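1. turn this into a model:
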Amino acid sequence: MKDFFRKIIIVLLTLEAKAVVRRYKPRIVAVTGSVGKTSAKDAIYEVLAHTGGGVRVRKSQKSFNSELGLPLTILGRPNAWNNPLGWIQNLLDGLFLIMFHSPYPEWLVLEVGADRPGDIQSVAKWLPVEVAVITRLPEVPVHVEFFNSPEEVVEEKAALIDALVPDGTLVLYADPSRQGGAEADDSRANDMRRRAVGKHVVTFGFTDEVDVRAQNFKVIYEEGQEHMPVGIEAHIALGGVSVPAQVLGTAGAHTLLPALAAVAVGRALGKDLAECVQALGSYVPPPGRMHLLRGIKGSAIIDDTYNSSPAAVEAALDTMVLIAPHGRKIAVLGDMLELGRHSVEEHRKIGTYAAGTADLLVTIGFRARDIAQGALDAGLDEKNILQYEDATKAGVELAAMVGQGDCVLVKGSQSMRMERTVEELMANPESAHELLVRQDVEWIKR
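-> Numbering: from 1, shown residues only. Below you'll find the model as predicted:
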């Protein structure tokens with residue numbers, strides 16, 4: 001009965017969203033990909049909202065990217081969770097918006113996800129997108145479980161290109177793939193360029209071949225505290241112009257990609273590079289995405305607990321090594337879900353990777369046992385591998401082990417609730433509701 005009610009609500013909200021788009025004709029930036037969608041959406045919002053005189057802009061809240069979240073964003077309504085009266089109110093407010101002209105944003109920045117085949121294809125049939133942004137699509141993306149292959153996931157994401165209006169622009173992450181090596185062409189990016197024939201294309205990444213790129217990346221540390229990172233800085237280059245930029249509260253070169261995507265959108269819309277970078281001064285990375293936190297006993301935490309995938313774990317492990325060259329490196333890794341038949345192999349690969357980067361490996365969850373096995377097979381000493389089933393218990397026991405200068409990376413899929421581990425390790429757990437993911441009442445009750 002609950003599923004039936006949900007399906008009816010989705011159908012009705014989608015019909016209302018279509019009507020609102022036809023009535024108010026907002027200009028739309030839509031963001032998809034497998035890594036960094038939410039962060040890119042937030043950064044793009046800052047560029048649109050704080051350049052060109054300040055237009056009215058609305059963005060998807062948190063990670064509203066599903067068949068339910070997308071129409072809610074267009075209608076400007078909240079998630080009513082399990083409250084039937086709340087859903088009825090949302091529908092009535094949507095009808096009011098259709099029937100009576102009301103103030104409405106000039107721009108919408110929408111995050112578009114693909115959990116199952118057809119999710120984005122169905123949206124592309126009715127959503128007129130001016131700028132389609134496709135972030136990184138790794139070799140084995142998250143949400144591959146319900147697709148026949150990783151290539152089908154990529155094809156589903158690429159369907160967003162079909163939503164572009166005739167003079168629309170594709171903004172595309174286009175660095176060479178890691179698997180192909182530094183000199184290899186990124187065939188997926190090239191395929192998408194061909195699919196966008198007749199459209200404008202702006203690329204972003206770290207290599208010289210892309211249009212918008214980051215150079216001279218480095219980590220910023222608290223003054224006098226070389227073990228306590230506070231953010232990152234780099235130069236963002238476009239054409240022959242380069243502008244310095246900082247993103248505080250986050251770590252890792254890959255966390256600059258949302259800013260690069262935002263600048264690429266700015267370029268597509270004719271905005272000045274310096275103006276875009278200045279607007280990004282208001283960008284605050286969302287919780288749980290490579291978020292830097294103070295840990296107990298003078299430790300540093302990389303909170304990457306929003307979700308997990310093989311490519312994202314590797315990038316996070318690389319960052320842990322980068323920002324803690326002298327301290328002990330502790331990797332707390334939970335199950336990576338929605339990998340389907342790739343699960344065992346990918347977990348073991350991550351274990352192998354962790355063996356070369358972590359001094360202490362802590363795994364959480366049944367599937368993460370394969371991470372531990374992969375690390376053991378790769379030579380990490382058994383005494384440096386700890387395994388748990390519960391995120392809170394792991395945090396409590398790990399709190400007794402961490403010390404001054406340690407860097408603790410915590411990462412896992414949503415259902416693993418890895419933020420509970422972070423809460424046990426935070427120097428200021430009283431601020432958890434502000435700093436951690438999944439702090440809504442509905443999440444906390446689960």
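
2. and the residue nearest to residue 282 when sequence neighbours are not counted, what does it touch?
-> Among residues not flanking residue 282 along the chain, residue 46 sits closest, at 4.9 Å (C-beta to C-beta, 6 or more residues apart in numbering). Where you see a C-beta, it was placed from the backbone N, CA and C, and this is true even at glycine. Residue 46 makes contact with 262, 279-280, 282-283, according to C-beta atoms under 8 Å, 6 or more residues apart in numbering.

3. mind listing what the strand ranked longest in the chain pairs with, with the direction of each?
-> For the chain, the strand with the greatest residue count under DSSP state E is strand 225-238. If you go by DSSP bridges, strand 225-238 pairs up with strand 212-222 (antiparallel), strand 241-248 (antiparallel).

4. how about TSV for those strands, with mean neighbour count, distance to residue 228 and mean pLDDT added?
-> TSV is the format used below for the strands paired with strand 225-238 (neighbours: other C-beta atoms under 10 Å; distance: least, C-beta to C-beta, whole Å; pLDDT from 0 to 100):
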stretch	mean neighbour count	distance to residue 228	mean pLDDT
strand 212-222	16	4	94
strand 241-248	16	13	95
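
5. can you list the buried residues in the longest strand of the chain?
-> For strand 225-238, the neighbour count (16 or more other C-beta atoms under 10 Å) marks 227-234, 236-238 as buried.

6. low-scoring stretches of the protein, by residue?
-> Scanning the chain for pLDDT under 70 picks out 1, 54, 63-65, 140-143, 177-186.

7. so the closest residue to residue 388 other than its chain neighbours, which of the three states?
-> Of all residues beyond its chain neighbours, the one nearest residue 388 is residue 394 (4.0 Å), with distances taken as C-beta to C-beta, 6+ apart. Look at residue 394: counting by DSSP: H, G, I helix; E, B strand; the rest coil, its state is helix.

8. burial measure for residue 394, as a count.
-> 25 (other C-beta atoms under 10 Å).

9. and what of residue 427?
-> As a burial measure, residue 427 scores 14 neighbours (other C-beta under 10 Å).

10. ok, the one 10 residues further on next?
-> Residue 437 has 23 neighbouring residues, counting by other C-beta under 10 Å.

11. equivalent analysis for residue 304, please.
-> 30.

12. which of the helices or strands spans residue 108?
-> Residue 108 is part of strand 107-111, with elements assigned from DSSP states H and E.

13. how far away from the center of its chain is that strand?
-> 15 Å (C-alpha atoms, centre = their mean, to the nearest Å).

14. can you name the element that comes right after it?
-> Assignment by DSSP H and E places the next element after strand 107-111 at helix 119-124.

15. give me the helices and strands touching that next one, please.
-> Counting contacts by 3 or more C-beta pairs under 8 Å, 6 or more residues apart in numbering; DSSP states H and E, helix 119-124 is packed against helix 150-158.

16. name the helices or strands packed onto the helix it packs on?
-> helix 119-124, helix 187-195.

17. in the longest helix along the chain, what's buried?
-> Longest helix of the chain, by residue count under DSSP state H: helix 2-24. Using 16+ other C-beta under 10 Å as the test for burial, helix 2-24 gives 9-10, 12-14, 16-21, 24.

18. just the CA trace of that helix, in PDB.
-> Taking Å, rounded to 0.1, in the frame of the first residue of the first chain, the C-alpha atoms of helix 2-24 are listed here in PDB:
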ATOM      1  CA  LYS A   2       2.800   2.300   0.900                       C
ATOM      2  CA  ASP A   3       4.600   1.700  -2.500                       C
ATOM      3  CA  PHE A   4       1.300   2.200  -4.300                       C
ATOM      4  CA  PHE A   5       0.700   5.600  -2.600                       C
ATOM      5  CA  ARG A   6       4.300   6.600  -3.400                       C
ATOM      6  CA  LYS A   7       3.900   5.800  -7.100                       C
ATOM      7  CA  ILE A   8       0.700   7.800  -7.200                       C
ATOM      8  CA  ILE A   9       2.400  10.800  -5.600                       C
ATOM      9  CA  ILE A  10       5.300  10.600  -8.000                       C
ATOM     10  CA  VAL A  11       3.000  10.600 -11.000                       C
ATOM     11  CA  LEU A  12       1.000  13.500  -9.800                       C
ATOM     12  CA  LEU A  13       4.000  15.600  -8.700                       C
ATOM     13  CA  THR A  14       5.700  14.900 -12.100                       C
ATOM     14  CA  LEU A  15       2.600  16.100 -14.000                       C
ATOM     15  CA  GLU A  16       2.600  19.300 -11.900                       C
ATOM     16  CA  ALA A  17       6.300  19.800 -12.400                       C
ATOM     17  CA  LYS A  18       5.900  19.500 -16.200                       C
ATOM     18  CA  ALA A  19       3.100  22.100 -16.100                       C
ATOM     19  CA  VAL A  20       5.100  24.500 -14.000                       C
ATOM     20  CA  VAL A  21       8.100  24.200 -16.400                       C
ATOM     21  CA  ARG A  22       5.800  25.000 -19.400                       C
ATOM     22  CA  ARG A  23       4.100  27.900 -17.600                       C
ATOM     23  CA  TYR A  24       7.200  29.700 -16.100                       C
END
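
19. okay, angle between that helix and strand 107-111 too, please.
-> 150 degrees (axes from the mean of the first three to the mean of the last three C-alpha atoms, to 10 degrees).

20. residue 226 reaches residue 326, doesn't it?
-> Yes. Contact status for residue 226 versus residue 326: in contact at 7.4 Å, counting by C-beta atoms under 8 Å.

21. who touches the longest helix of the chain?
-> Against helix 2-24 from outside (C-beta under 8 Å, 6+ apart): 28, 67-68, 70-72, 74-75, 84, 87, 90-91, 94-95, 97-98, 101, 104, 126-128.

22. do that again at 7 Å, thanks
-> If you take C-beta atoms under 7 Å, 6 or more residues apart in numbering as the criterion, helix 2-24 is touched by 67-68, 71-72, 74-75, 87, 90-91, 94-95, 97-98, 104, 126-127.

23. of these, which is the most crowded?
-> That'd be residue 74 among the contacts of helix 2-24, by other C-beta under 10 Å, with 29 neighbours.

24. would you map the strands across the stretch 301-446 of the chain?
-> 329-334, 360-364, 385-388, 407-411 (DSSP state E, counting those that start in this stretch).

25. got JSON lines for those strands, with distance to residue 146 too?
-> Putting these into JSON lines (distance: least, C-beta to C-beta, whole Å) gives the following:
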{"stretch": "strand 329-334", "distance to residue 146": "21"}
{"stretch": "strand 360-364", "distance to residue 146": "24"}
{"stretch": "strand 385-388", "distance to residue 146": "28"}
{"stretch": "strand 407-411", "distance to residue 146": "22"}
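
26. much appreciated, bye for now.
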